[in-house]
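**Q** can't give you the sequence, but here's the structure:
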């Protein structure tokens, strides 16, 4: 995937999360994602979406971009917003 495609998807996720009033908030690293309510997982997705914008076009940070992007999509799937098939479609 290109940085432009990732940005397009991240912008989509930010718009959708914002529509539901989800604010950016990092999950406490002492807890597992599975122990968190859906609202916290979505807030973490928003946190990652906002954070990734700072370095999405920095080629030196490409590994980090991909890790963050995968984590965003994982959060959205765990929160039952998207199926894996839907996320694959976003990535085409």
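**A** It's in. Keep in mind it's a predicted model, so treat the numbers as computed, not measured.
**Q** This structure: strands as residue ranges?
**A** Remark: strands of the chain are absent; assignment by DSSP state E.
**Q** ranges for the helices of it?
**A** 3-19, 38-52, 62-78, 84-90 (DSSP state H).
**Q** Redo these as TSV? Include distance to residue 25.
**A** Quick note: C-beta positions are derived from backbone N, CA and C, even for glycine. Shown next, in TSV, are the helices of the chain (distance: least, C-beta to C-beta, whole Å):
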stretch	distance to residue 25
helix 3-19	11
helix 38-52	4
helix 62-78	12
helix 84-90	22
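**Q** now, of those, which is deepest in the fold?
**A** helix 38-52 (a mean of 20; mean count of other C-beta atoms under 10 Å).
**Q** So for that one, mean pLDDT?
**A** The pLDDT scores in helix 38-52 average 96.
**Q** What angle do helix 3-19 and it make with each other?
**A** 140 degrees (axes from the mean of the first three to the mean of the last three C-alpha atoms, to 10 degrees).
**Q** got the contact list for the residue nearest to the spatial centre of the chain?
**A** Geometric centre of the chain, nearest residue: residue 72, 2.1 Å, by C-alpha atoms, centre = their mean. Contacts for residue 72 (C-beta atoms under 8 Å, 6 or more residues apart in numbering) come out as 10, 13, 45, 48, 49, 52.
**Q** same deal with residue 44?
**A** 25, 26, 27, 33, 36, 75.
**Q** Could you turn the buried ones of these into a ChimeraX selection?
**A** To isolate the buried ones among these in ChimeraX, judged by 16 or more other C-beta atoms under 10 Å, type:
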select :27,36,75
